[in-house]
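>>> just coords:
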């Protein structure tokens with residue numbers, strides 16, 4: 001069974017709109033229209049449709065974490081003691097609301113979850129790890145601290 005291509009419903013102009021707003025979410029509709037050689041109203045309609053259809057989930061600025069005092073960037077993998085217990089669902093609810101956790105993914109391999117975490121310093125990160133240890137059911141926690149940021153770009157290849 002062949003999987004349907006989710007971008008098949010998008011034409012070249014739609015993809016160009018997505019590329020532009022992904023690059024600069026602060027573009028006004030007139031600026032976007034000018035870059036695409038469209039008039040403002042059709043550009044606005046297309047942009048609105050892309051938002052309504054869920055291709056654009058929201059807009060945010062990319063902030064410099066170091067300038068904001070968040071010098072520690074950690075990859076944290078963790079595993080639960082047993083499979084099929086209700087504790088992972090409770091864990092997921094907790095991490096959704098924890099500001100230090102930038103991303104959390106349920107993964108395959110040696111761990112059950114992989115998190116990206118920021119902290120102001122190692123003491124602050126240590127407090128985060130202690131918070132994790134207090135969550136029932138977590139069996140192992142492994143941390144990898146980033147020593148150098150080579151690339152940090154979350155724009156999708158369109």
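Right, received. Where do you want to start? Small disclaimer: the values here were computed from a predicted structure and weren't measured.
>>> Give the phi and psi angles for the most centrally placed residue in the chain, as a check.
Centroid-nearest residue in the chain: residue 103, 5.6 Å away (criterion: C-alpha atoms, centre = their mean). The phi and psi torsions at residue 103 (degrees, to the nearest 10) take the values phi -140, psi 150.
>>> Same check on the one 4 residues further on?
With angles defined as degrees, to the nearest 10, residue 107 shows backbone torsions of phi -130, psi 170.
>>> if we can go back for a sec, please verify my assumption that the residue nearest to the centre of the chain contacts residue 118.
No. Residue 103 lies out of contact with residue 118 (C-beta atoms under 8 Å); the separation is 10.6 Å. C-beta here means a position set from N, CA and C on the backbone, and glycine is covered the same way.
>>> quick one on the thing from earlier: now for the residue nearest to the centre of the chain: which residues touch it?
115, 116 (C-beta atoms under 8 Å, 6 or more residues apart in numbering).
>>> Who does it form a beta bridge with?
Under the criterion DSSP bridges, residue 103 forms beta bridges with residue 116.
>>> how much space between it and residue 45?
33 Å (C-beta to C-beta, to the nearest Å).
>>> wait, isn't residue 121 in contact with residue 73?
No. In this structure, residue 121 is not within contact of residue 73 by C-beta under 8 Å, at 11.9 Å.
>>> Have a look at those two and say which one is more surrounded.
With neighbours defined as other C-beta atoms under 10 Å, residue 121 and residue 73 compare such that residue 73 has more, 19 against 11.
>>> Perfect, that will be all.
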